[in-house]
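Colleague: Quick one, fold the following:
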Amino acid sequence: DLVEPFKAGVATVFIVHGNINCLLQDPDAEGPSYIPLRKFFETVFADRMLLISYNIATGAWTPSPEMERIFRKAAGIEEEKIVSSDPIAAAKASLAAKRGIPREPEACLPLIDKALRTIPGTAVIIETAHALAPASGTGIGVPVTDRVNIERLCIWGRSQTIRKNGGIVLLFTDQVAKISQELRLANSEIRKVFIPKPSKAERKAYIALATASAKKDLDALANATQGMGLRQISDLFSVAKTSGKALDLDLVRVTKARLLNDEYGDVMERFSASQLIQSEPDASSFPSGGIRSTFEARGYTAWDPTS
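Modeller: The predicted model follows:
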């Protein structure tokens, strides 16, 4: 969803959503080793001349002083020797050169725009992109800053200059519905990349690295952690270590319920056995009032039978 459209030159901006707090295998590690998704992309983009990360709360930053120098130069705020016969002009130029990179999106995004258009292969990672271009940022009464941010991202998505320059922009969000609809439309030319939860095999491989459990126990733990990300499974091991308990199915069930409730909150519903076998109107045969067993509703919802 990302590599092929980018290499084909048909997409520059990607909305990366879903399990964005996941752990992935480190491509540079000799043995099995896991790193956060953002660190994974930083590793992938390490050979590029410039990598810029941006968060609306903390502003822009680069992984190295050399990249920061390149960014500042492209943005026109590089600190250089000021040679001028006019002391006032020299002072103003020196003050401008020593300014930090602005944090506010209306000031920082234009600087990132310059880098994307002038530095070949510039990569940009924007965290919590829904705070920059929220789904509510459409229609009448939209704050000017949101409107400008959305339009700028749309321009990046359609920019032939940035594509020819080899630039790439990743917009991270946990839920794509939080992002402005304008960025999700096909004519924005912005692609969506979904990061799924790990499969049973992936969970089992990760658990095997952190425990000496027998094969049958690995299977049971892999089944019990269905619906969890590797970072959450890592939290399970931390809880077990802190409490001095062995990581068994009972601890997984209790901790899993808390972790998933923290992540999903009100959207999770729990049913007792008696509730699952009770009858309820199926609504599909209205107004005749058909009846079905409650458990049959699982065909329309996502259930975790291991919890």
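Colleague: What ranges does the stretch 1-150 of the chain have for its helices?
Modeller: Under the criterion DSSP state H, counting those that start in this stretch, the stretch 1-150 of the chain contains helices at 3-7, 37-44, 65-75, 87-98, 105-118, 129-132, 144-158.
Colleague: If you count contacts, what does the second one end up packed against?
Modeller: Right, the one you point to is helix 37-44. Contact here means 3 or more Cβ pairs under 8 Å, 6 or more residues apart in numbering; DSSP states H and E; on that basis helix 37-44 packs against strand 23-25, strand 51-55, strand 123-126. Heads up, the C-betas are built off the backbone N, CA and C, glycines and all.
Colleague: before we move on, back to that, just give me the lowest mean pLDDT stretch among the helices of the stretch 1-150 of the chain.
Modeller: Lowest mean pLDDT within the helices of the stretch 1-150 of the chain: helix 87-98, a mean of 58.
Colleague: So for the closest residue to Ala60 other than its chain neighbours, what pLDDT did the model give?
Modeller: With sequence-adjacent residues excluded and distances taken as Cβ to Cβ, 6 or more residues apart in numbering, Ala60 is closest to Tyr54, at 4.7 Å. On the pLDDT scale, Tyr54 is placed at 96.
Colleague: Check the gap between Thr173 and Asn21 for me.
Modeller: Counting by Cβ to Cβ, to the nearest Å, the separation of Thr173 from Asn21 is 11 Å.
Colleague: So the two - more neighbours on which side?
Modeller: A count of neighbours by other Cβ atoms under 10 Å puts Thr173 above the other of Thr173 and Asn21, at 23 against 16.
Colleague: and that one, what pLDDT?
Modeller: 95.
Colleague: Show me the beta-bridge partners of it.
Modeller: His17 (DSSP bridges).
Colleague: go on, Gln25?
Modeller: Bridge pairing for Gln25 - DSSP bridges - gives Tyr34.
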